[in-house]
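*Asks:* Here is the input, now give the coordinates:
(one chain, ligands or ions: 2)
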Amino acid sequence: MPNTSFSEIIQTRSGEPLHTCYFCQKCTAGCPVAYAMDYKPAQVVRLILLGRRDTLLRSNAPWLCVGCDTCGARCPNDIYLAPVMDVLKEMALEAGLAPAEKKVYALHQSFLDSIKLWGRTHELSMLMEYKLRAVDLFTDLDLGLRLMLKGKIALLPERVKDLERVRALYRRVGR
Ligand code: SF4
Ligand code: SF4
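*Replies:* Ligands and ions are numbered 1, 2, ... in the order given. Reported below is the predicted structural model:
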């Protein structure tokens, strides 16, 4: 018997018709990061329909999803899992749980801060913020320096012209 409240909340917030899932697992077969997930994409759908809220809010699967939409392109029922994974991440944070992949969360935060500040990403300051948030100062430092020397990472940021419109979006969601 499905737990209607949990699965209905996820379906309403994501807009994805999970109840139509056949469990054919085509989403899992095509997902580029399924190998690293504790629960594979099709299992996530099944666990939602079974109402396994606590399991899913502690799972690393939503944090590892890269939003590539391969699952939706392969699904016979047009179920796209990126919005579902987003809802699970939001619900985990709303429940006060620590993100299952702390470095992924650190990157999300740094990305959003960069967009808020400049209206676009500025890789250098974004990555510096990420390294501080993730407490990971030295990994890939040599690679970063090489990219800078080749001019692939800009030293100075550029602001978009209408930054106020970008910031209005942030205010709408209370950031
Ligand atoms: S591809 Fe679609 S129908 Fe098949 S298991 Fe995944 S979500 Fe369900
Ligand atoms: S959107 Fe997420 S769940 Fe779907 S295939 Fe891409 S990484 Fe996997």
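
*Asks:* Ser125: neighbouring residues, count only.
*Replies:* 18 (other C-beta atoms under 10 Å). Every C-beta, even on glycine, is put in place using the N, C-alpha and C of the backbone.

*Asks:* Who are the contact partners of it?
*Replies:* Applying C-beta atoms under 8 Å, 6 or more residues apart in numbering, we find Ser125 in contact with Ser114, Leu117, Pro157.

*Asks:* Could you rerun that using 7 Å?
*Replies:* Going by C-beta atoms under 7 Å, 6 or more residues apart in numbering, Ser125 touches Ser114, Pro157.

*Asks:* element containing it, please.
*Replies:* Element membership of Ser125, judged by DSSP states H and E, is helix 123-134.

*Asks:* Specify the next element, helix or strand, located C-terminal of that helix.
*Replies:* Next along the chain after helix 123-134, taking DSSP H and E as the criterion, comes helix 141-149.

*Asks:* So which elements touch that following helix?
*Replies:* Using 3 or more C-beta pairs under 7 Å, 6 or more residues apart in numbering; DSSP states H and E as the contact test, no helix or strand touches helix 141-149.

*Asks:* Show me what the helix or strand just after that helix is packed against.
*Replies:* Counting by DSSP H and E, the next helix or strand C-terminal to helix 141-149 is helix 163-172. Judged by 3+ C-beta pairs under 7 Å, 6+ apart, the packing partners of helix 163-172 are helix 102-118.

*Asks:* List, one by one, the residues from the chain near ligand 1.
*Replies:* Applying C-beta under 6 Å from any ligand atom, one finds that the chain approaches ligand 1 through 21-27, 42, 45, 74-77, 79.

*Asks:* Now a PyMOL select for only the buried ones of those residues.
*Replies:* Filtering the residues of the chain next to ligand 1 down to the buried ones (16 or more other C-beta atoms under 10 Å) takes a single PyMOL command:
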select buried, resi 21+25+26+27+42+45+74+75+79
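
*Asks:* could I get the residues of the chain next to ligand 1 as JSON lines with pLDDT, distance to ligand 2 and secondary structure?
*Replies:* Compiled in JSON lines, the residues of the chain next to ligand 1 are given as follows (pLDDT from 0 to 100; distance: C-beta to the nearest ligand atom, whole Å; DSSP: H, G, I helix; E, B strand; the rest coil):
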{"residue": "Cys21", "pLDDT": "97", "distance to ligand 2": "13", "secondary structure": "coil"}
{"residue": "Tyr22", "pLDDT": "95", "distance to ligand 2": "16", "secondary structure": "coil"}
{"residue": "Phe23", "pLDDT": "96", "distance to ligand 2": "15", "secondary structure": "coil"}
{"residue": "Cys24", "pLDDT": "97", "distance to ligand 2": "14", "secondary structure": "coil"}
{"residue": "Gln25", "pLDDT": "97", "distance to ligand 2": "12", "secondary structure": "coil"}
{"residue": "Lys26", "pLDDT": "98", "distance to ligand 2": "10", "secondary structure": "helix"}
{"residue": "Cys27", "pLDDT": "98", "distance to ligand 2": "6", "secondary structure": "helix"}
{"residue": "Ala42", "pLDDT": "98", "distance to ligand 2": "10", "secondary structure": "helix"}
{"residue": "Val45", "pLDDT": "98", "distance to ligand 2": "10", "secondary structure": "helix"}
{"residue": "Arg74", "pLDDT": "97", "distance to ligand 2": "8", "secondary structure": "helix"}
{"residue": "Cys75", "pLDDT": "98", "distance to ligand 2": "9", "secondary structure": "coil"}
{"residue": "Pro76", "pLDDT": "97", "distance to ligand 2": "15", "secondary structure": "coil"}
{"residue": "Asn77", "pLDDT": "97", "distance to ligand 2": "14", "secondary structure": "coil"}
{"residue": "Ile79", "pLDDT": "98", "distance to ligand 2": "10", "secondary structure": "coil"}
